[in-house]
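Visitor: quick one: sequence plus predicted model below, questions after.
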Amino acid sequence: RTRLIARPLLAFLTLGLCAASLSAQPATSPAPPPVEVVAETTVAKPIARPARITLSSDGQTVYVVGMLLEGSFHLFDAVLQTAPRARRVYLSSAGGYTLEARLMASLVRKRKLDTYVESYCASACTQIFAAGQTRVLGPAAQLGFHQASLVDDSSGRTITRERTDRKLSATTVFGVNGNDTLRLAYELIGTDPAFIDKALSHSHESMWLPSHQELIAAKMVTRVATQSEWPHPPGSGGTRDAVRGRLQ
């Protein structure tokens, strides 16, 4: 089998991803479609765990913290179903499976939620960020972009699929080129085409971290906050600084 992935490489991140291994198929079985994912680091790989998804005490902010692995969409959906007053999604993720992020983004659009990044959102995470009605960065926040790639589990060979001419819609999620759907996520909010081309020109071995000025000019970001805007930390107990440390 093949899996569509990309690897963000940031020295300051300690976060790693161990993509779940896929069992070999019998020789007589038809080849299944690729599983689309984004984000894998080259550091030692711990046991893969999906992002922690929680609701703020006032029910208005959904926190998505960690890698977007298998099951993240279902967790996100379950939390949203208990949150009729949800207004925005806080994102802190280095990426994950593109399909999980794509489905999560569709819920953000459906609920017309805002998105917010206090620290870091990269790779597949940017699909969810781009789905926000209002897209806000904290004063020191960064967005990271790169193209998705196919990686063969048996050989480790990486392949980047070329852009296609297939016409996509906001509800298309299955069986399409991951880079096309990344492009679609950015196009839906009117992002500058030159910015999108640059974002998807970076290989899985690199990461583009555009400046706040570039993000605003390209219409990827609605605004940059002058101070932190996450008023309701998830969980209970602990000081604000302690909660900030856990989220980062």
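Guide: Yep, that arrived.
Visitor: and the one helix or strand residue 75 maps to, average pLDDT?
Guide: Assigned by DSSP states H and E, residue 75 belongs to helix 72-81. Confidence over helix 72-81, taken as the mean pLDDT, stands at 96.
Visitor: helices or strands next to it in the packing?
Guide: Packed against helix 72-81 by the contact rule (3 or more C-beta pairs under 8 Å, 6 or more residues apart in numbering; DSSP states H and E) you find strand 52-55, strand 61-65, helix 98-111. For glycine as for every other residue, the C-beta is placed from the backbone atoms N, C-alpha and C.
Visitor: any idea how far the residue nearest to residue 195 when sequence neighbours are not counted is from residue 193?
Guide: Nearest residue to residue 195, sequence neighbours excluded (C-beta to C-beta, 6 or more residues apart in numbering): residue 218, at 3.6 Å. Using C-beta to C-beta, to the nearest Å, one gets 9 Å for the distance from residue 218 to residue 193.
Visitor: picking up where we left off before, save the helices and strands packed on helix 72-81 as JSON lines, and put in mean pLDDT too.
Guide: As requested, these are arranged in JSON lines below (pLDDT from 0 to 100):
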{"stretch": "strand 52-55", "mean pLDDT": "94"}
{"stretch": "strand 61-65", "mean pLDDT": "95"}
{"stretch": "helix 98-111", "mean pLDDT": "92"}
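Visitor: how about low-confidence regions in this protein?
Guide: Within the chain, the segments meeting pLDDT under 70 span 1-48, 149-178, 231-248.
Visitor: all helices of it, in order?
Guide: When secondary structure is read from DSSP state H, the chain shows helices at 72-81, 98-111, 125-130, 178-187, 193-199, 212-217, 240-247.
Visitor: and these: which comes nearest residue 142?
Guide: Proximity to residue 142 (C-beta to C-beta) singles out helix 212-217 among the helices of the chain, at 9.0 Å.
Visitor: next up, the contacts around the residue lying closest to residue 210 once chain neighbours are set aside.
Guide: Among residues not flanking residue 210 along the chain, residue 143 sits closest, at 6.8 Å (C-beta to C-beta, 6+ apart). Contact criterion C-beta atoms under 8 Å, 6 or more residues apart in numbering gives 117, 121-122, 126, 129, 137, 209-210, 215, 220-221 as the residues in contact with residue 143.
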